[in-house]
Structures are given as C-alpha cells and as structure tokens.
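J.: give me coordinates for this.
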Amino acid sequence: MTWKNKLYFGDNLDVLRESIPSESVDLVYLDPPFNSKANYNVLFRTPKGLESSAQITAFEDSWHWTEQAEKEFGELVHQSNTDVSEMIQALRRFLGENDMMAYLTMMANRLLELHRVLKDTGSLYLHCDVTASHYLKIVLDGVFGKEKFRNEITWKRTTAHNDSSRYGANTDIIFFYTKSDTYTFNPAYQPYTEEYKTRFSHADPDGRLWADGDITAKGLSGGGYEYEYKGFTSLWRCPLSTMERLDAEGKLHFTRTGGIRLKKYLDELPGIPSQALWDDIFPINSQSAERLGYPTQKPLQLLERIVKVSSNENDIVLDPFCGCGTAVHGAEKLKRRWIGIDITHLAITLIEKRLKHAFPDIQFDVEGTPKDLDSAQNLADRDKYQFQWWACSLVNAQPYQGKKKGADSGIDGLIYFQDERTTPKKIVVSVKGGNNVNVAMVRDLAHVVDREKASIGIFITMVEPTRPMKEEAIKAGYYESPIGANFPKIQILTIKGLLEGTERAKYPDLMQGGLTFKKASVDTKTTQEPLF
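T.: Alright, predicted model coming up:
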C-alpha cells in the first residue's frame, strides 16, 4: 500500500494507541509543553493600518492533579514495564500529588507509547528546558533503560540576556535516546573555523593545504602492524598494502628527522564533528523570515540536523506534539515520510497552511478533523473553542480572542484582504455551533461589522438559516469594491456547504489570503547530504 503522510488532530496518547503500529517509526522528535505554568499565545499577522496584532492562546502550559492524572497514574503502575512502575511510584512518594507529578505522569504514559512505536533501530529526541528536565531524564531512563541514553544536547537558543537574580537562562536541553545499541547515526559536521584552518600549515606545489598526523600505533591499545617501510621500521596503524597505497597517492610525508607522517588534506576532511553543545543554530526571532507567530517555534535548521543525523530518506519521522509543524516540514524537505499529531485545531490549521505554502504539490491526509455534519456537531458539543477554530479555518480566518475572559465581542474570526493598493480591509466572522440560530444573531453581526469598521461579515452556522435570517442579511446591502464588483455585506454560510464545497466566502483579494496568515516560503526537497 502506498504510504501517505498523516496529520492527526487529537490527544496523542489516543492516536498512538489507536493508529500507530508497533515498531513502525524510525525517529521521534517531541517538543512537549515544559510545565512552565504559562499561557503561550499565537501572534497573528495584522496588516499595517489596522489594529495591533491579535493574540490567541495556543495552549496553557500548566498541569494539575486531577481524576485524569490519577487514572493515567494507575495505568503506569500496572503496565508491563516494571522499571517505569517502580520509578513513577517513587516519584509520587517524593513529589506528592501536585502539578509536576501530573505533568510527569502525562509524559511517562506517552513516552511508553513512543518507545513501543519505535523500530529497534530507532531514536528519540526530547526537547525540554530546566523546568522539568531533571525529572524527565529519570522518566526516560525508566522507559528506555539508562544504558540507551546517548547524549544530553545543549542548544543555545538565544543570546545573553539579563536575569537579575540568577545566571541568564539561554539554553534548552535535548535528550537523545535509542531503542537499541544498533541505530541510525549519520555524523554531523560543522565547517572549520579560520583559527582551526591555521593548523594546516603545509602546502603541496599545487597549493593544497595539509597537516601531518601520526601513522604509528605506538601507545595505542589494540596493537598494530610491525614492519619496515623504505628504511623505517615501526609499529604502524595500517598494514603494508595500505601504506603502499597512501605512498602512491602522495599522502605520506617523510620527515627530515627520519620518520613517516600522514598527510591530512583540509579539502578531504568533512569538518569538525558536531558536539553536544549546539551554539551555531540561531533561534526564531521577530525578524526571522520563517517566523509564523507560533509560540515555542523552533528553527528549521535545528530539526534538519536531527532528521539528517538520525534517519535516512524514506524513513518515518513522528512528532507527537507538532505545534506549528517544524519537524514535519524538515522531514518533508529531506524526503522522509512523516506523522504529526496535535491536540488543537489551531496547530493543525497552521501546519496545513505552512506545508501547502512551502510545498505546493504536497499531499497528505488530515485525520480526526470533521469530515461531515455529524462529526462537526460532535466537535461543537465537546469543545466550543476547538469547533470555532476549525470553522474559522474553513474560510481561512484567523481565530479571534479564543478563551479570553470578558464580554463577548461578537467576533470569532478575522479575515484581511486587499482590493486596492492603499488600506487593507477587514472581514469579521461569527461562528454558531448550536441548533438555535435566529434573525437577531444576524442583526447583531451587522452591528459588529459597523462597529469594527469592517467591510463584510460572515455568519457560519451548523443549521440551515431561516428565511427571516436570509432576509435580514440581504437588508445589510453590499460592499462595493474598487475593482468594480459588489459583494454581500452579510454572508450566511453553513458548515455542510463549506464541507461539500458548494458554499464559500465571497470577497475580492489581490493578496490571495496572504494578509491573514503569514505564508511559509516555498521550499524544495533535498537529498541526504553531509552537513558540511
């Protein structure tokens, strides 16, 4: 069966258990919430000349000991990995029933599933910070076995800054584990510094730079090869046949003091092997071209390094907390297959747009999002805000405010468009997931359009609008565009029509949606190559 990359909306624990087979994944990268007890907001783009950029909470990075935490703890105690069972009980005795324990319980259950889906040759990278890294290391040791720990990578995520009461916190931690002792590892190299290049102080007549290196095996454990070569007898690192080949290639240096050294040419060396300190990858900042406004967005270069080192082309990469999709973007670019999972429609929408903008011909499936009216109603009944975010995505609208407390503004989404060279225009979107809609709601939307100085209002409803609602929308009149066309000022769209493609929002847009969401740059797929 042909592989199809997949993006899943849902709790990753459920998706892993229900949809991902055992030993099917080559590489897992996860950048889970850090339990920082903060709210992380998406900063949406707003065109110049309109209000300041809107923010909406992408996720709340805080955990509490609830009935769900107790349930997941019980699962951990009674599952088959006894090391994890003992470890999680010891942590509870030490920490008690608090927020950190709830977080670790959540993570332990998911890490067990990630261990299950990894192939025997697979690797896992967990990205975290100092908030819980010390506890997560203990959890990972329990799940994978402490002997499967490979590295604690330190990423310098920002330049120096001032923390008045402590040392500046400018690094993240990435734990690297493997499932077995046989795993994919394509060494990464960094370019030599100018200072390092000064070590290559010799030059051939053609200008090639080289440094000499020891070719004897003296002092090395494991022995060597003892023989005489051109008057020099020693314990050599290579057999006579290799020595003769190196000599024929001009790679031996016969010293004046009587000895043989190996010529190491600068242009033949791959670079400096990457170490566990990564200080050469810069973070996403406000001026970064790849910045999409998503909190905790990681640079593509960081994920490309991980994907290149620990997987090969056509391997499967899994990100169970995929946020704005940097890992799956990197996987697609490097010709890997991929699976992404996130629990918010906001993230799923951003990833869909990012991938389609970066790779115009890309094909992938989205699982877990409503495909028909019944599943849409189910989502609306379960989670009002997730339904609103999803409905906004059907008309390419930014979600507005989200779970922000306070009076209802009457706005669930915003669309920006441009039909002339000067000021951008705004459309407000109102979403109704219930079955009781009426003419007063349409009238209210017309008032919101006037109040916000918007050009158009879009009313999205789960049920068919009544005749009085349609008549009220007609009374609002038309937006007269400078391009010479008129568009209904109030447009009523149904979820059914949007899903079936028989209805759509009508407005002129010379920017083709580029004002509402920042577009990722068009990218190209690359083959596996050395990093240097």
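
J.: C-alpha only now, for contacts and for neighbours.
T.: OK.

J.: where does residue 223 sit: helix, strand or coil?
T.: Under DSSP: H, G, I helix; E, B strand; the rest coil, residue 223 falls in the coil class.

J.: from residue 234, how far off is it?
T.: Distance check for residue 223 against residue 234: by C-alpha to C-alpha, to the nearest Å, it reads 12 Å.

J.: between these two, who's got more neighbours?
T.: A direct count of neighbours by other C-alpha atoms under 10 Å for residue 223 and residue 234 places residue 234 higher, at 17 against 12.

J.: confirm for me that the more buried one is in contact with residue 240.
T.: No - in terms of C-alpha atoms under 8 Å, residue 234 does not count as a neighbour of residue 240; the distance is 11.5 Å.

J.: so where is this structure shaky, pLDDT-wise?
T.: 1-2, 34-62, 286-287, 291-295, 401-408, 511-520, 527-532 (pLDDT under 70).

J.: show me the domain layout of this structure.
T.: Using automatic domain parsing, the domain parsing of the chain gives 6-189+274-367, 193-268, 375-500.

J.: reformat those domains as CSV; add distance to residue 506.
T.: Formatted as CSV, the domains of the chain follow (distance: least, C-alpha to C-alpha, whole Å):
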stretch, distance to residue 506
domain 6-189+274-367, 20
domain 193-268, 56
domain 375-500, 7
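
J.: which one of those lies nearest to residue 521?
T.: With C-alpha to C-alpha as the measure, domain 6-189+274-367 is the member of the domains of the chain nearest residue 521 (5.4 Å).

J.: may I have the distance across the closest one, first residue to last?
T.: 7 Å.

J.: how far is it from where the chain is centred?
T.: Distance of domain 6-189+274-367 from the chain centroid (C-alpha atoms, centre = their mean, to the nearest Å) equals 8 Å.

J.: cool, stretch 377-386 as well?
T.: For stretch 377-386, the distance to the chain centre is 25 Å (C-alpha atoms, centre = their mean).

J.: what's next to it, contact-wise?
T.: Outside stretch 377-386, the residues that touch it by C-alpha atoms under 8 Å, 6 or more residues apart in numbering are 344-346, 370, 387-388, 402-403, 433-434, 462.

J.: can we see that at 10 Å?
T.: 343-346, 369-370, 373-376, 387-388, 390-392, 399, 402-403, 412, 431-435, 462-463, 495 (C-alpha atoms under 10 Å, 6 or more residues apart in numbering).

J.: from these, which land in strands?
T.: When those are checked against strands (DSSP state E), the matches are 399, 431-432.

J.: surely residue 499 is in a helix?
T.: Yes - remark: residue 499 belongs to a helix, assigned using three-state DSSP.

J.: that one: what's it in contact with?
T.: So residue 499 contacts 370-373, 376, 391, 394 (C-alpha under 10 Å, 6+ apart).

J.: let me have those residues in CSV, adding distance to residue 276 and neighbour count as columns.
T.: Shown next, in CSV, are the contacts of residue 499 (distance: C-alpha to C-alpha, whole Å; neighbours: other C-alpha atoms under 10 Å):
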residue, distance to residue 276, neighbour count
370, 43, 18
371, 45, 13
372, 48, 12
373, 50, 17
376, 46, 21
391, 44, 31
394, 44, 16
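
J.: what's the lengthiest helix in the chain packed up against?
T.: With secondary structure taken from DSSP state H, the chain has its longest helix at helix 99-117. In terms of contacts (3 or more C-alpha pairs under 10 Å, 6 or more residues apart in numbering; DSSP states H and E), helix 99-117 is packed against helix 12-19, strand 25-30, helix 67-78, helix 82-95, strand 118-128, helix 133-144, strand 316-319.

J.: for residue 190, which of these is the nearest?
T.: Comparing the helices and strands packed on helix 99-117 by C-alpha to C-alpha, strand 118-128 comes nearest, at 20.2 Å.

J.: that closest one pairs with which strands, and in what direction?
T.: Strand pairing for strand 118-128, using DSSP bridges, gives strand 25-30 (parallel), strand 171-178 (antiparallel).
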